[in-house]
Each structure stands twice: as structure tokens, then as C-alpha cells.
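A.B. asks: any chance you could fold what I've pasted below:
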Amino acid sequence: MNARQRRLFEDAHKKNPHLKVPELQPVSNWTEADLALIKQGVGDKSTRPASAQGFSAGSDESTGEEVGSVVTYFGEKGFGFLRPEGGGRDVFFHISRLSEGQATDLVPGTKVAYALGMDRTGKMAAATVRILPAESAPKEPAKS
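C.D. replies: Alright, predicted model coming up:
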């Protein structure tokens, strides 16, 4: 029980002295997939290798990465939002999740590949973000 939970319990116990803390049984039937999802949203994984975060290196399809672009990035705060290429809700990301590229490249319109996960509060967020190389503009034929 953390400090906040203890304080709430103590306040409730003052109102109802017969209130008791429920006995919680540990969950023993969780699968490895369940545990992996829980671990994605816990703690800072910026120093862990990608395989420890539940993502493997490779093509976009094998890692479950999606492509989008930076909508906003607040450098002084270290977070921003990505817009999925196929549309949908914007995705929150934190600078600690940037695996390839520089923070200075996170300007609106920059193309990125990202994998979805959860932040430490359990909300949907980018678990990994990497800046995609700029596509070279088609060259015009040389005039003679």
C-alpha cells in the first residue's frame, strides 16, 4: 500500500472504524504476454535494449511499428504528439522513447516510426520512436 492509499484508508477508517483492508490474493495465472504488457508501462526503459522492451529490430511490420509525423514537440518539457499516417487520435511520446535520431530533429512534419505501448499511468503512448530518413526529393532531368 503506498502513502496515498494508506492516507485514504485512514480517512475512511475514521468514518467507519470497522473497515478492514481487503486481503488480496496474488494472481498466479498470468501469461508471459500479460506480464510483458504490464512491464511496458512501468519505469524508464531508455537504457534497456529494444528486445527487453518487447520489440525486436527489423522491418516495420515485424515490430508492429506504425508510421506517422510529429505534430508538436515541446523540447523544454521533453514530450510531444505524433499523428498516425492513416489517421486517428494523436499519440503522446516522451523524449526518453526516442531510439534513433536527435531531439533537435523533432519538428512538426518530421516522419517517424513508432510502436504503441503504455506510459507509466497506463495511457496509450509511443513505446519507441525513431526518426525516419528524409525522403530525397525527385530530381528534375538536367537541361542541356
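A.B. asks: alpha carbons only for contacts and neighbour counts from here, please
C.D. replies: Will do.
A.B. asks: quick one: average confidence on the helix or strand containing residue 126?
C.D. replies: If you go by DSSP states H and E, residue 126 is part of strand 124-131. Per-residue pLDDT over strand 124-131 has a mean of 90.
A.B. asks: pull out the buried residues from it.
C.D. replies: Neighbour-count burial for strand 124-131 flags 125-131 (criterion: 16 or more other Cα atoms under 10 Å).
A.B. asks: how about those in TSV, adding distance to residue 31?
C.D. replies: Shown next, in TSV, are these (distance: Cα to Cα, whole Å):
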residue	distance to residue 31
125	23
126	23
127	21
128	23
129	27
130	29
131	33
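A.B. asks: contacting residues for residue 116?
C.D. replies: Going by Cα atoms under 8 Å, 6 or more residues apart in numbering, residue 116 touches 65, 124-128.
A.B. asks: ok, residue 128 touching residue 98?
C.D. replies: Yes - judged on Cα atoms under 8 Å, residue 128 makes contact with residue 98 at a distance of 6.1 Å.
A.B. asks: any weak-confidence spans in this structure?
C.D. replies: Counting by pLDDT under 70, the chain contains low-confidence residues at 1, 21-27, 38-63, 135-144.
A.B. asks: and for the residue lying closest to residue 20 once chain neighbours are set aside, the neighbour number?
C.D. replies: With Cα to Cα, 6 or more residues apart in numbering as the criterion, residue 20 has its nearest non-adjacent residue at 7.9 Å, and that residue is residue 13. The tally of other residues near residue 13 (other Cα atoms under 10 Å) stands at 14.
A.B. asks: sec struct for residue 13, please.
C.D. replies: Assigned by DSSP: H, G, I helix; E, B strand; the rest coil, the conformation of residue 13 is helix.
A.B. asks: so it touches residue 19, yeah?
C.D. replies: Yes - contact criterion Cα under 8 Å: residue 13 and residue 19 qualify, at 5.7 Å.
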